[in-house]
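Visitor: Coordinates for the following, if possible.
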Amino acid sequence: FLENNAYFVDFFNAYFFDGEKVLEAMNCEELDSEMNDANMDLEKHVDVIRKYNDGNLYSAFIIENQSCVDMSMVVRAAVYEFVAYDRLLKKSKKNRIKEKLPMVHILVFYTGEKPWNAARQLSQLVEVDERFKSYFHDYKMNLIEITGNTSYNFNEEDVHNLFYICRSIYDQSIYEGKSNSFGLV
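Guide: The predicted structure is shown next:
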């Protein structure tokens, strides 16, 4: 589903730009989703990754699907993000490019039935000593979850319907005859 570039950018537009169509599907290009690094003894795979370039914005975008609550997800998301930076850095050195690296944006798409109750930022997982608080890098994970009350402004009808039908099934409103935004009662 998320391999479709229109659906892919719709998630990022909904999350980062409240549905405004800032990112366009035609500016996406598939990247290798393997995040392996022999030097770091690291073998990781992200679900969907795209390079984005519209002439003004050059970035890498990653969606990681998560079907169950994972207490380590905030760390995994940070690892994926920094491994992507490492990969971009190695590529720029190989090409002897001396420009700054493009930003990497990761979005965790949680499809589980239970509300997300794990850390969303590193400080919720790590005991941070007050004396070091100003030096602590508090990574914040970007999370879209089907359960919960957060409303997302999706533009793609298929994305909107998938998301809100799943939400209605989880919260039982689809079975209770309650009206919803996709015409089912």
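
Visitor: Quick check: buried residues in stretch 63-80?
Guide: Within stretch 63-80, the residues that qualify as buried are 63, 64, 66, 70, 73, 74, 75, 76, 77, 78, 79, 80, counting by 16 or more other Cβ atoms under 10 Å. In this view, the C-beta of every residue, glycine as well, is placed from N, C-alpha and C.

Visitor: what's the first-to-last distance across it?
Guide: 10 Å (Cα to Cα, to the nearest Å).

Visitor: i'd like the first residue to be 43 from this point on
Guide: Okay, using 43 as the starting number, the last item reads as stretch 105-122.

Visitor: Please tell me how far it is from the chain's geometric centre.
Guide: In terms of Cα atoms, centre = their mean, to the nearest Å, the centre of stretch 105-122 is found 9 Å from the chain centre.

Visitor: can you check stretch 156-169 too?
Guide: Put simply, stretch 156-169 sits 16 Å off its chain's centre (Cα atoms, centre = their mean).

Visitor: Which of the buried residues of stretch 105-122 fall within helices?
Guide: Of the buried residues of stretch 105-122, the ones assigned to helices by DSSP state H are 115, 116, 117, 118, 119, 120, 121, 122.

Visitor: Of the buried residues of stretch 105-122, just say which sits nearest to residue 56.
Guide: Among the buried residues of stretch 105-122, residue 105 lies closest to residue 56 (Cβ to Cβ), at 11.9 Å.
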